[in-house]
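>>> need a 3D model of the sequence below.
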Amino acid sequence: MSGDALPRVPLKGAGYALTLVALTQALSLLDRQILAILAPAIKADLHIGDAEMGLLYGTVFALFYALFSLPLGRVADGWIRTKLLALCILTWSVATALAGMASSFALLALSRLGVGIGEAASQPAGTSLVYDYWPKHRRGFVMSVIASAIALGLGGSLVLGGLAADWWTHRFEAGSEPLGLAGWQFAFLVASAPGLVLAPLLWFMREPERGVMDGIETPPDPHPFRAGTLVLVSVLPMGNWVSLRRLNAPSQAWRNNFAWLAGIAFAMVSLWWATSTASPRPAIELGVISIDPHALQWTVIGFGLFVMVNLLQNMRLADAQAFRVITRSPTLIMCMAIGTLQSVINYGMMAFNPSFLIGTYDLSMRDAALQFGMLAAAMGIGGPMIWGPLSDKLHVKFPSSGRAWVALFAMGLSPIMSFWVYFAPSAGDFYLRFVAYSLVLTGWLPPLYAILYEQVLPRMRAITASVYLLAMTILGLGIGPYMVGMISDATGDLRAAMLSVNAAAIPIVIMLLVIARRSQRDEETLLERAAG
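Prediction:
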């Protein structure tokens, strides 16, 4: 269908659907990010360091979030997305409540595991759902609303977590707390409650017809759960070999798989040795087992990389059309790489912002939560609402490069500004500078995501989101906080550790310059790539 013949008006109920999906994203980030404001109290109670907090915040969560986004993304491409989102919200809310009962690193890690599994479908299913409610020319606005909701969740996690923990701590004398709960444990229980309200609303929301807004008829998948299960089996070690045999993979595919496995294992052992030498850490006690934190970190990253290899091999054999559409678009591949590198920066800094404010400017947890949380939420909401519609207008005027230039401006300037912000002499100066910094930084997500998702067919949007989330989560969320924590432990300089991750901006800028020249050309080859 030509662009002029596509629907121009959102479906009935589009605003309500966008609101619920946006709230889903907000709660997802709230339950994920609340760990950051509670980190100082958790470290003191559980006697762990910044590297271990980086593991909890990033690596442990990242593995299961990324892994389960693949089968759940495949389910979202064929099943009822509203009901899938409802079930996932319920799962991660219960897992967040489990953290309220945790009294050890092991139980906190188990809670983060559950939160990661529950949140795995939120972005693939949510993005796919709202794209079938809203016409193509309004999707920059749609992504700006979702980006604003993400910011609301990030800022809200600091405010809610900090105030709840502070209120509980001062409400009861030490040793007299109900159920023996510490303030940070009570904050986790409070954070779990909103999801129990949102889940029923999503369960009963209307599911739109898939593909109608893109003029591409997309029949329902008769066996979405079987397909999702096959995806999960196909990416797990050993299960991937069963899948290769089931799909009659040629001998070259087997050789490639073993070569990738050997290369990843060698790289992870090398990184374990390098990081253990640079920043030795005491073992983490998990019941009767003692684990080297660096070994845990690089085992998880290596596992995630091998999952990526297995996923692409399985896709090539089982869904050749999706493999062609995704891998033959240089723009799409670069968008995924850019989002991954930006996540190294964003998550690496976000994980330790409260600790930086408390340690550098002698703020209390309550003050840091209230002041920085409110500011971060306000700027994160306002910024995307400016950049998203602006990228839509520039896309209409300059179809080949308008959105890419918006992302380039945000991702190229914000790392430079971060040095100005984090060397502020006082908390007040930090906040003032952070306003300008946030206004620029928040411009990256709406245009980049709009470019990315228009490179694939409607039936592939959720699995594309899952592929992207796998790379972004394992390599971005999984490495950013850990590296900042490790450098901080090794040097004793949290500021320098946080600012060091901005080096990732250099390849980001280079790739965005390329995207500005070719994104429209790659989008125009979509049906050609699909037809093969």
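>>> make it CA atoms for all contacts and neighbour counts henceforth
Noted.
>>> the closest residue to Ser243 other than its chain neighbours sits in which helix or strand?
Once flanking residues are discounted, Ser243 sits nearest to Ser234: 5.2 Å by C-alpha to C-alpha, 6 or more residues apart in numbering. Using DSSP states H and E, Ser234 sits in helix 224-235.
>>> check Ser400 too.
Using DSSP H and E, no helix or strand contains Ser400.
>>> in this structure it contacts Leu513, no?
No. Contact between Ser400 and Leu513 fails when scored by C-alpha atoms under 8 Å: they sit 11.7 Å apart.
>>> in whichever helix or strand comes after the helix holding Ser234, what's buried?
Following helix 224-235 in sequence order, the next helix or strand is helix 239-246 (DSSP H and E). For helix 239-246, a neighbour-count test (16 or more other C-alpha atoms under 10 Å) marks Gly239, Asn240, Trp241, Ser243, Leu244 as buried.
>>> same question, stretch 268-285
For stretch 268-285, a neighbour-count test (16+ other C-alpha under 10 Å) marks Met268, Leu271, Trp272, Thr275, Ser276, Ser279, Pro280, Arg281, Ile284 as buried.
>>> lowest-confidence one in these?
Among the buried residues of stretch 268-285, Ile284 carries the weakest pLDDT, at 67.
>>> any idea how far Arg255 is from Val190?
51 Å (C-alpha to C-alpha, to the nearest Å).
>>> the more surrounded of those two?
Val190 (17 against 11; other C-alpha atoms under 10 Å).
>>> so who does that one touch?
The contact partners of Val190, taken as C-alpha atoms under 8 Å, 6 or more residues apart in numbering, are Ala97, Ala164.
>>> element containing it, please.
Here Val190 is covered by helix 183-203, with elements defined by DSSP H and E.
>>> excluding chain neighbours, give the residue nearest to the residue sitting nearest the centre point of the chain in space.
Centroid-nearest residue in the chain, with C-alpha atoms, centre = their mean: Thr473, separated by 5.7 Å. Spatially, and ignoring its direct neighbours in sequence, Thr473 is nearest to Ala62 (5.3 Å; C-alpha to C-alpha, 6+ apart).
>>> chain center to whichever strand or helix holds Thr360, what's the gap?
Using DSSP H and E, Thr360 maps to helix 353-361. Put simply, helix 353-361 sits 24 Å off its chain's centre (C-alpha atoms, centre = their mean, to the nearest Å).
>>> counting by contacts, list what it packs against.
Helix 353-361 is packed against helix 14-46, helix 365-397, with contacts defined by 3 or more C-alpha pairs under 8 Å, 6 or more residues apart in numbering; DSSP states H and E.
>>> list of residues touching whatever helix or strand Val514 lives in?
Assigning secondary structure by DSSP H and E places Val514 in helix 505-524. Residues outside helix 505-524 that contact it (C-alpha under 8 Å, 6+ apart): 329-331, 334, 338, 341-342, 399-405, 407-408, 411-412, 415, 451, 454-455.
>>> low-confidence stretches in the stretch 151-300 of the chain?
The stretch 151-300 of the chain contains residues with pLDDT under 70 at 284-288.
>>> contacting residues around Pro208?
Per C-alpha under 8 Å, 6+ apart, neighbours of Pro208: Leu129, Asp132, Tyr133.
>>> I misspoke; the intended subject was Met498.
Gly348, Met349, Phe352, Val484.
>>> ok, back up a step: can you show me the CA trace of the helix holding Thr360 as CSV?
Extracted C-alpha coordinates of helix 353-361, given in CSV (Å, rounded to 0.1, in the frame of the first residue of the first chain):
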residue,chain,number,x,y,z
ASN,A,353,23.7,9.0,40.3
PRO,A,354,22.2,8.9,43.8
SER,A,355,25.4,7.5,45.3
PHE,A,356,27.3,10.3,43.6
LEU,A,357,25.0,13.0,45.0
ILE,A,358,25.0,11.6,48.5
GLY,A,359,28.8,11.1,48.6
THR,A,360,29.9,14.2,46.8
TYR,A,361,27.5,16.8,48.2
